[in-house]
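A.B. asks: task: produce atomic coordinates for the following.
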Amino acid sequence: MLIIATVVIVLAGLVLGIRWLLRVKPTCFDGVKNGEEEGIDCGSICGVSCPTSQPDPKPLVVKNIQIIQGGSKCDIVIDVSNPNSTLGAQHIPYEIKWGAVQSRGEFYIYPSEERYIAGMNLSCQNGQNPQVDVKDPPKWELFRGYEKPNLEISNSRLDYPENSYEFAEVSGIITNHSPFDLKEVEVYAIVKDFSGNVVAINRTTVNSLLVGTKREFRIFWTHPFAKNGIGSFFTTSNLFNSGNFLKAYGSESAKWTTGSDNVNLNYNENMNYSGQKYE
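C.D. replies: Residues are numbered from 1 along each chain as shown. Have a look, this model is predicted:
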């Protein structure tokens, strides 16, 4: 009997040892429940507790709609706010109807974020008011321990070159202080008049912004606008798309991951307000 018991104990130990060696190790930022995770990218093994329930979402708020005319074309700029402190969404449809013009698209938004979406380079419909429909998303995502990328703008300036092509230009340096390498970062330059109305908006994309690196950028306009405007920057990176991360430095850098993918559309994507003015 003693021999049989010893054999059983040895076999059980071997089975447990093999299972331990073959176990799936948690990554805590891959959007999949694996290893010893108690939920998707959460649990004690990841150092963050799993949410017990998702709160009821509050509807998105359209705060303002503006028309910006530049030459023969117009932009419809929409200020949208997300009143939810823990919920974001990646597929939010919107539609602009303005006379004979119709423009559709979608954008994503993060918890407690206020950002712009826009229909760009539309045929101006003078004398008519645009109708904008921003729908609530079909699915909300619950964010855990979420932090936006730490992207700093420095050495910025607004110039008005004296040439036949450019009317205005902004330039500066963007630094990635986040703990992960980003495949694509978008930089938005916004000019407002003293009443807070947007008079010009444009963007550029910075590719492969690695941790701690600095990159120069340049954004320009070909159409005229009021020269006495006040400029600021918005920076953003698509956190819903796991393919946007070239490399993550430890699970602590991505605890907010929702496990969803999204393909960004055009100008009007998630904006993190940097609070920085043109120098």
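
A.B. asks: C-alpha from now on. contacts and neighbour counts both.
C.D. replies: Noted.

A.B. asks: now stretch 182-198: mean pLDDT?
C.D. replies: For stretch 182-198, mean pLDDT rounds to 88.

A.B. asks: swap in stretch 96-111?
C.D. replies: Mean per-residue pLDDT for stretch 96-111: 91.

A.B. asks: buried ones in that stretch?
C.D. replies: Buried residues in stretch 96-111, counting neighbours by 16 or more other CA atoms under 10 Å, are found at Ile96, Trp98, Gly105, Glu106, Phe107, Tyr108, Ile109, Tyr110, Pro111.

A.B. asks: state the phi and psi torsions of the closest residue in space to the fourth one that isn't next to it in sequence.
C.D. replies: The spatially closest residue to Glu106, leaving aside those adjacent along the chain, is Pro93, at 4.2 Å (CA to CA, 6 or more residues apart in numbering). Pro93 has phi and psi values of phi -80, psi 150 when expressed as degrees, to the nearest 10.

A.B. asks: burial count for Pro93?
C.D. replies: 16 (other CA atoms under 10 Å).

A.B. asks: likewise Leu142?
C.D. replies: With other CA under 10 Å as criterion, Leu142 counts 22.

A.B. asks: okay, it: pLDDT?
C.D. replies: pLDDT for Leu142: 84.

A.B. asks: that one pairs with what?
C.D. replies: According to DSSP bridges, the partner residues bridging Leu142 are Leu87.

A.B. asks: the bottom helix or strand of this protein by mean pLDDT?
C.D. replies: Within the chain, no helix or strand scores below strand 272-277, which has a mean of 40 by mean pLDDT, DSSP states H and E.

A.B. asks: so which other helices or strands are in contact with the helix or strand hosting Ile76?
C.D. replies: Using DSSP states H and E, Ile76 sits within strand 73-81. Contacts defined by 3 or more CA pairs under 8 Å, 6 or more residues apart in numbering; DSSP states H and E place strand 73-81 against strand 61-70, strand 114-123.

A.B. asks: and the ones you listed, which is most packed in?
C.D. replies: Ranked by mean neighbour count under mean count of other CA atoms under 10 Å, those are led by strand 114-123, which reaches a mean of 19.

A.B. asks: neighbouring strands - and their directions - for it?
C.D. replies: strand 73-81 (antiparallel).

A.B. asks: from His91, how far out is Asp56?
C.D. replies: 18 Å (CA to CA, to the nearest Å).

A.B. asks: neighbour-wise, which of those two wins?
C.D. replies: His91 (21 against 9).

A.B. asks: per-residue pLDDT, the closest residue to Val191 other than its chain neighbours?
C.D. replies: Once flanking residues are discounted, Val191 sits nearest to Gly231: 4.2 Å by CA to CA, 6+ apart. We have a pLDDT of 85 for Gly231.
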